[in-house]
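> next one to model:
(one chain, ligands or ions: 1)
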Amino acid sequence: MTGVLCASAVGLHSASNHCQITGTQEDVRSTVSWGKVARGMRDRRQRIGLELFNGPFVLPEKRCLRWREIGIDKRSMLGFVRTAFCESESAEGRPHLTGDGDTGLQERLAAVQASIVEEQVHYQQRIFKLEKENQELRRQIVLRQEGHDLKSRKLRRNPIEMFSEILDDLGNLHAEFGTQAMLPQVLVVADPNAGKSSLLEVLLHTRIFPRDGKAQVPVKFTVCDGPYHLAQFNDSDREFDLENPVDLEELRKQFEIRLKTALTDSSVSPLVSLTIWGPGLSNIVLVDVPVAPVIEHEQTTSSSERIREACQSLLQNSQALILCLIDSSRDSEYSKTVELVKDFDPDGRRSIFVLTKTDLVETSLANPDKIRRVTDGSLLPLKAIGYYAALPGRGPRSEPVEDVEKFEENYFRTSKLFSSGALKPEQLSTKNMSRGLAETFWHFVRNSLRYQIDSLKARKAALEKNWKSNFNKDELYETGRMQLLDDAVRLTSVPQSVWENEIEDRLWTAMADYVFDNIYVPAAAGSKDDLKVVGNIRLKDWAGTLLPIKGVEVANQTLYDRFKTLASRNSSAKDKDSIYDNFKQTVVDEAFKLHQWDARAKESLRVMLLSSAEAPYIITPDDWNGAVRFMEQACAERLAAVQKIIGDMLGPSSWEKWMLFRRQTLEHRNRRAVVDKLEKLIMPTEGELTHGTDLSKDEINVVQKTLESQGVKVDPAFIRDTWRYLFLSRFLEQAVSRIGMCGEVSDSEDLNAQPSFKNDYSDVDLFYRIKRMIRISSVALRQQLTAAELGRLEGEVKQILDGLERNPARIKEYFNHPRIGLAEELKKITNVQEKLEDLAKLIEDEGTGSFYGGSRNDDSS
Ligand SMILES: Nc1nc2c(ncn2[C@@H]2O[C@H](COP(=O)(O)OP(=O)(O)OP(=O)(O)O)[C@@H](O)[C@H]2O)c(=O)[nH]1
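I've put the predicted structure just below:
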């Protein structure tokens, strides 16, 4: 071969804005009649690359002539070069177009190819026009069907909206229950500055992204073909009119806020979602997926960790298409995004590559062969299912989308980079890509729907196996509510005697320690006369102060406990269902926070008790017998409690030490020493207790000093404390043995015959009065309870339930039982499955062809 004239150099294709010639000066001079070319050009503009065609003609390996530099249009240059070629064809050693074969044939082939390209472009434009008309007709039909209801200016829900809703439902199912189901969506990924935002904006036909850069957060765009150009965030009802600059500006602001919130606030979804309607938009779900969080995961902070996970889980969806943008002006073989795509889709089964910025390649002639090497899979590490070239921008992003589209259309019509047929005309331009993408997307949808329906059915079957009943939260709430109101009413049918006995028992338990420590022991520890006088005074003081207060507290607590027991009454029943427990117990608790016993109750109880304190003492044999039994039991119980306290003070006995391996502490040993001394010095183990309740200072001193001489160091408070229980124990032992000597009486004679009835047994009398006061309190409190408190409580329960009904989120919280979880999941899966089946049926009936959406076209095209 004597010379090589590259195909692109010859300019046989009109889609070039420069001419490239390769070969040495001699090669080229001997093969082409360059003078002819030069002459033709000079004739036209008098200004031509003379140094190339006539001059010293030092042709380096590669030379380039720009049409614009020469000053003639491409079509003319094409003509000149063609003629020059034809003339030189007969010459010996004529030049070759790149590649082998006969030059003339190749030239003719190239010419035919060029005209085919032109034809295709022409028909493509016709198709656009027809589609636009078709779309306008559809819009009019829809508007007519909707009766010109312009309140909602969107089209009635189209398949892509149905589909997007299903995607959201599946996302929620996954987040709430971990249910796996995947459907297609188009994930758009790119290296920084590759033109992703520009491309998305052309696809959405609006400059939607915030101007000052956008946060690295995934954004889902549900793109719908519709008569009006509108946008709406999925978490809001507001529609933005994209034709209105004020609305558009506001939308950008809102968008920016949402992106920032998604990045920083872990309580909101990391995926920002919005729907865009517009005439001629393709029906498709696009997700802008930032790759930086996935690639640079070592540097992620905890807040961006969520974003990384979200992006990763989007990419892991084996049904999703990955639209990977490749900046052709850079060395794409080193692209980190391409590496990432390879990780998630090693076989290139769901990846599509889009070459952007090819205009820059063309002007710089950096690597003209690049397109072919990308599309034949030799440049990138994986072969994709589709390739497109798009020119979504060329300068500031403020340029109207229409202008970008026009520029793009013009560029592809004339670009020599694509003249070799590496990409077909329908693979060139954003518009064509959008259409092709919609086609592939719906193809993926159709193929995956059946599989997803089946996988949801399988999950449902597994859930149904675990689930017998068919509750939902609203039904559960209604049942729980009815049961609670029923329980509140059932409180009124509790017998009076049950209330009274329960309050009486509880009140005595609550007051027993006080009665011993502050009434009986101080009164009985003195002389027999003191017992009556002191006992009387202390009893009245108790009746006038503490008893009414404690009485109301105890009655309220009794009411609460009984209501709680009733509310969980099913616990032991056969149909017990713990599902209601949480809800009912919480409502009961809240009702009792509201419930205040009538404030007048204490005062009326106090008056009643004080007057009973004046009432006559034991009169009848029953009074006596009851009082004796009560005193005996009370003293025995108190004695047992005191002995237990003393036992704890002294620590383990020798037996326990050896057999149970328990150890005595220093405090235990000191207590034992103090008890020994007190028993020896002050309180004889045998015989009547003659000492008063308190130790004198001298007695304490003696005990302390004696112990000190034995090496035991204790302070006076320690001695006094030990004495208190020691005394009480001895005192109660004597009381129990004394009361044991009292027999039962059957009549008044018997009663009067009791030894020293009036004098020696004043303490029986005291216990009789104590018991009578407790009884009077319980009867009075029961009366207040049944007459007023039950009614008020029922009202309060209703009040709380009404409040709950206004706050469904709280109701949801109460019913969080695993079985409810199953039922909820089951319900949601059924719902999604039904929607999927509707969509599958629609696809079956209409075919996906009608779902792709429109193709926008300019009137000019
Ligand atoms: N010449 C030319 N410039 C383009 C092309 N596509 C985009 N640009 C320009 O490239 C610059 C970057 O484009 P963007 O759309 O912001 O790129 P991006 O991928 O979103 O960038 P990041 O925000 O870093 O992700 C802008 O100035 C665009 O106008 C193209 O095909 N040709």
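> now Gln427. Nearest residue, chain neighbours left out?
Tyr388 (5.1 Å; CB to CB, 6 or more residues apart in numbering). C-beta coordinates here come from the backbone N, C-alpha and C atoms, glycine included.
> which residues are in contact with that neighbour?
The neighbourhood of Tyr388, defined by CB atoms under 8 Å, 6 or more residues apart in numbering, consists of Ile352, Phe353, Val354, Leu355, Leu423, Gln427, Leu428, Asn432, Met433, Gly436.
> how close does it sit to the ligand?
12 Å (CB to the nearest ligand atom, to the nearest Å).
> name the element that residue belongs to?
strand 386-389 (DSSP states H and E).
> what residues sit buried inside stretch 782-791?
By neighbour count on 16 or more other CB atoms under 10 Å, the buried set for stretch 782-791 is Arg782, Gln784, Leu785, Glu789, Leu790.
> any chance of CSV for those, columns secondary structure?
Output for the buried residues of stretch 782-791, formatted as CSV (DSSP: H, G, I helix; E, B strand; the rest coil):
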residue, secondary structure
Arg782, helix
Gln784, helix
Leu785, helix
Glu789, helix
Leu790, helix
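> quick one: which of those is nearest to Leu323?
Leu790 (69.2 Å; CB to CB).
> shouldn't the closest one be in contact with Arg490?
No: Leu790 is beyond contact range of Arg490, at 10.2 Å (criterion: CB atoms under 8 Å).
> list the buried residues in the helix or strand hosting Phe630.
Element membership for Phe630, per DSSP H and E: helix 621-650. Using 16+ other CB under 10 Å as the test for burial, helix 621-650 gives 621, 623-628, 630-632, 634-636, 638-639, 641-642, 649-650.
> how about stretch 322-331?
Applying 16+ other CB under 10 Å to stretch 322-331 flags Ile322, Leu323, Cys324, Leu325, Ile326, Asp327, Ser328, Ser329, Arg330 as buried.
> which of these sit farthest apart?
Ile322 and Ser329 (21.6 Å).
> shaky segments in the stretch 201-350 of the chain?
213, 297-303 (pLDDT under 70).
> now the residue nearest the centre of the chain: how far from the ligand?
Of all residues in the chain, the one closest to the mean position by CA atoms, centre = their mean is Ser267, 6.2 Å from it. Distance, Ser267 to the ligand, by CB to the nearest ligand atom: 27 Å.
> checking Ile322 next. Helix, strand or coil?
Taken by three-state DSSP, the conformation at Ile322 corresponds to strand.
> tell me the phi and psi of the residue lying closest to it once chain neighbours are set aside?
Once flanking residues are discounted, Ile322 sits nearest to Ser351: 4.6 Å by CB to CB, 6+ apart. Phi and psi for Ser351, reported as degrees, to the nearest 10, are phi -100, psi 140.
> wait, Ser351 touches Leu325, no?
No: using CB under 8 Å as the test, Ser351 is too far from Leu325 to be in contact (11.6 Å).
> would you verify that Leu274 is located in a strand?
Yes: with three-state DSSP as the criterion, Leu274 is part of a strand.
> can you list the domains in this protein?
The chain breaks down into these domains under automatic domain parsing: 2-96, 160-448, 488-803.
> a markdown table for those, including distance to Ala809?
Formatted as a markdown table, the domains of the chain follow (distance: least, CB to CB, whole Å):
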| stretch | distance to Ala809 |
| --- | --- |
| domain 2-96 | 62 |
| domain 160-448 | 14 |
| domain 488-803 | 12 |
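> surely Ser746 touches Pro621?
Yes: taking contacts as CB under 8 Å, Ser746 lies within contact range of Pro621: 6.1 Å.
> now Arg350: closest residue in space that isn't a chain neighbour?
Leu321 (5.2 Å).
> what about that neighbour, how many neighbours?
For Leu321, the neighbour count with other CB atoms under 10 Å is 27.
> for it, what are its contacts?
Leu321 makes contact with Pro184, Gln185, Val186, Leu187, Arg350, Ser351, Ile352, Leu437, Thr440, Phe441, Phe444 under the criterion CB under 8 Å, 6+ apart.
> which residue packs closest to whatever residue of the stretch 501-650 of the chain ends up closest to the ligand, ignoring adjacent ones?
With CB to the nearest ligand atom, the shortest gap between the stretch 501-650 of the chain and the ligand falls at Asn582, namely 48.6 Å. Using CB to CB, 6+ apart and skipping the chain neighbours, the partner closest in space to Asn582 is Tyr814 (5.3 Å).
> any stretches of the stretch 551-700 of the chain with poor pLDDT?
Checking the stretch 551-700 of the chain against pLDDT under 70 turns up 569-579, 660, 683-689.
> which stretches of it form helices?
Applying DSSP state H, counting those that start in this stretch to the stretch 551-700 of the chain gives helices spanning 581-594, 600-613, 621-650, 654-659, 666-681, 697-709.
> one more: the stretch 701-850 of the chain?
Using DSSP H, counting those that start in this stretch, helices in the stretch 701-850 of the chain cover 716-740, 748-753, 762-784, 790-805, 808-814, 818-846.
> just the stretch 251-400 of the chain next, same as before
Under DSSP H, counting those that start in this stretch, the stretch 251-400 of the chain gives helices at 292-295, 302-316, 336-344, 358-364, 370-375.
> what packs against the first one?
Just to be clear, that refers to helix 292-295. Packed against helix 292-295, as judged by 3 or more CB pairs under 8 Å, 6 or more residues apart in numbering; DSSP states H and E, are the following elements: helix 302-316, helix 336-344.
> tell me the pLDDT of Gln145.
In the predicted model, Gln145 carries a pLDDT score of 61.
> who in the stretch 301-450 of the chain is up against the ligand?
Applying CB under 6 Å from any ligand atom, we find that the stretch 301-450 of the chain lies next to the ligand at Thr356, Lys357, Asp359, Leu360, Leu391, Pro392, Gly393, Arg394, Gly395, Arg397.
> for the second one, give me phi and psi.
Note on Lys357: backbone dihedrals following degrees, to the nearest 10 are phi 60, psi 30.
> so it touches Pro392, yeah?
No: Lys357 lies out of contact with Pro392 (CB under 8 Å); the separation is 9.1 Å.
> those two: which has the busier surroundings?
Between Lys357 and Pro392, counted using other CB under 10 Å, Pro392 has the larger neighbour count: 26 against 23.
> and that one, what pLDDT?
88.
> same question for the one 4 residues further on.
What the model reports as pLDDT for Pro396 is 75.
> for it, phi and psi?
Torsion angles, degrees, to the nearest 10, at Pro396: phi -70, psi 150.
> how close does it sit to Ile385?
According to CB to CB, to the nearest Å, Pro396 and Ile385 sit 34 Å apart.
> who are the packing partners of whatever helix or strand Gly436 lives in?
In the assignment (DSSP H and E), Gly436 maps to helix 430-466. Judged by 3+ CB pairs under 8 Å, 6+ apart, the packing partners of helix 430-466 are helix 196-204, strand 284-288, strand 321-327, strand 351-356, strand 386-389, helix 401-414, helix 818-846.
> in it, which residues are buried?
So for helix 430-466, counting by 16+ other CB under 10 Å, buried means 430-442, 444-446, 448-449, 452-453, 455-456, 459-460, 463.
> repeat that for stretch 418-434.
418-420, 422-423, 425, 427-434.
> got the buried residues of stretch 322-331 as a markdown table, with distance to Ser197 columns?
Shown next, in a markdown table, are the buried residues of stretch 322-331 (distance: CB to CB, whole Å):
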| residue | distance to Ser197 |
| --- | --- |
| Ile322 | 17 |
| Leu323 | 14 |
| Cys324 | 15 |
| Leu325 | 10 |
| Ile326 | 16 |
| Asp327 | 13 |
| Ser328 | 17 |
| Ser329 | 17 |
| Arg330 | 17 |
